[in-house]
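Sequence and computational prediction follow.
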Amino acid sequence: MEKPDFSWENLNIGMIIGERKITLTQDSLSNYCNALGLQETFYSTGSPYRNPIAPPMIFVNDLLAIYDQNFKRFGTIHAALSYEFYAPIFLDKIYHQKVTVSDLFIKRQKGWIISELMIRNEEEKEVVRSLHTSVLSLTREHQSN
Amino acid sequence: MNNERSLNPNDSLDSTRYEIGHEEIKNFNRLVTEGKDTKNIHTDDAIAQKAGLPRAVATGRHPVCFIAEEMTKVFGKGFIENGNLDVKFIKPIFPGDTIKIKFEFYAKEAFQEFEKFTFNVSIKNQDGETVTKGITSGIKTK
């Protein structure tokens, strides 16, 4: 089935965009640290926990990735971003991610969307909650591979 | 991460500076495209212009990772388990920009048996223009 466009008409408040389970690996940690020029040892051997952890922002792209699994999205301009961190993120553990539409509104003749990413660990404890505020006015002509 | 810095009331954190060049933007783009090089508003001027931008821009999320990184270094578990950040993107960051992240003390308050420190955080480009601003907080034991 063809994915719907990421557009005002196809979204509504409270809509669950998608859910998935993800396991972070040592490669996930390395890729993140390499992309940002960070020292990996900080998380792999210097962790204040008994085991290696991931940086709190390791899920920085996962909200958009879940949108991309379920919608045709060709570019998103963020206006605001917030994160709340509740628990360490361990490697080789399963995390449940859920993306929901928190709000939709029109301001300055543009459509705006606030999306929530909630991440829970295997014990169903909340680990990270993130809200992304972005513009909804881009079209498919704005991005190509 | 085990070198959590002691903080005094009214302490601001050290400013940090980062170069956001084409290579840094490409590296971040690969992170979000599973290692692939793709053309989009962050990596291609023509596509960015179609979207109404003057040229390619860095993703706003990119430097936000640096804010969290600094807070993790300073607060350790106090950020990992009780941290937050909330920012607005004011202006784009362009390839070649040098950004400076500044953490200015805003408030200290009791949080259970701990102390919560809140900072105004701003990201400015090399011309002194604010590109991102907001708040971030973490907790420390008394």
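Great, that's in hand. These figures come from a predicted structure and were not determined experimentally. Numbers count the residues shown, from 1 in each chain, chains lettered A, B, ... in the order given.

Tell me how many other residues surround the nearest residue to residue B:93 once chain neighbours are set aside.
Once flanking residues are discounted, residue B:93 sits nearest to residue B:58: 4.2 Å by C-beta to C-beta, 6 or more residues apart in numbering or on different chains. Using the backbone N, CA and C atoms, a C-beta is placed for each residue, glycine as well. Around residue B:58 there are 24 other residues, counting by other C-beta atoms under 10 Å in any protein chain shown.

Who are the contact partners of residue B:58?
Residues in contact with residue B:58, defined by C-beta atoms under 8 Å, 6 or more residues apart in numbering or on different chains, are B:20, B:24-25, B:28, B:42, B:92-95, B:97.

And chain A, is stretch B:23-42 touching that?
Yes. Counting by C-beta under 8 Å from any C-beta of the partner chain, chain A is contacted by stretch B:23-42 at B:24, B:27-28, B:30-32, B:35, B:38-41.

Verify the assumption that the residue nearest to residue B:93 is located in a helix.
No. Using DSSP: H, G, I helix; E, B strand; the rest coil, the secondary structure at residue B:58 is coil, not a helix.

what's the most distant pair in the residues of stretch B:23-42 next to chain A?
For the residues of stretch B:23-42 next to chain A, the maximum inter-member distance is 19.3 Å, found between B:35 and B:41 (C-beta to C-beta).

which helices and strands does the helix or strand hosting residue B:18 pack with?
In this assignment (DSSP states H and E), residue B:18 forms part of strand B:13-20. For strand B:13-20, the helices and strands in contact under the criterion 3 or more C-beta pairs under 8 Å, 6 or more residues apart in numbering or on different chains; DSSP states H and E are helix B:61-75, strand B:97-111.

Quickly compare those and say which is most buried.
When those are scored by mean count of other C-beta atoms under 10 Å in any protein chain shown, the highest mean neighbour count falls to helix B:61-75 (a mean of 22).

what's the next helix or strand after that helix in contact with?
Following helix B:61-75 in sequence order, the next helix or strand is helix B:77-80 (DSSP H and E). Surrounding helix B:77-80, the residues in contact under the criterion C-beta under 8 Å, 6+ apart are A:48, A:53, A:56, A:85, A:87-88, B:4, B:68, B:71-72, B:114, B:138-141.

Does the lowest-mean-pLDDT helix or strand in chain A reach chain B?
Ranked by mean pLDDT, DSSP states H and E, the helix or strand of chain A with the weakest confidence is helix A:41-44, at a mean of 88. Yes. Interface with chain B: helix A:41-44 contributes A:42-43 (C-beta under 8 Å from any C-beta).

List the buried residues of that helix.
Across helix A:41-44, burial judged by 16 or more other C-beta atoms under 10 Å in any protein chain shown covers A:42-44.

Then stretch B:42-61?
Here stretch B:42-61 shows B:42-44, B:47-48, B:50-51, B:53, B:56-61 as buried, counting by 16+ other C-beta under 10 Å.

next one: it to chain centre, how far?
When distances are taken as C-alpha atoms, centre = their mean, to the nearest Å, stretch B:42-61 is centred 19 Å away from the chain's centroid.

sorry, back to before: following the least confident helix or strand of chain A, which helix or strand shows up next?
Sequence-wise, the next helix or strand beyond helix A:41-44 is helix A:62-70, with elements assigned using DSSP H and E.

immediately after that next one, which helix or strand?
The helix or strand immediately downstream of helix A:62-70 is strand A:78-85, counting by DSSP H and E.

What strands flank that following strand, and is each parallel or antiparallel?
The partner list of strand A:78-85 in its sheet, established with DSSP bridges, is strand A:126-135 (antiparallel), strand B:84-89 (antiparallel).
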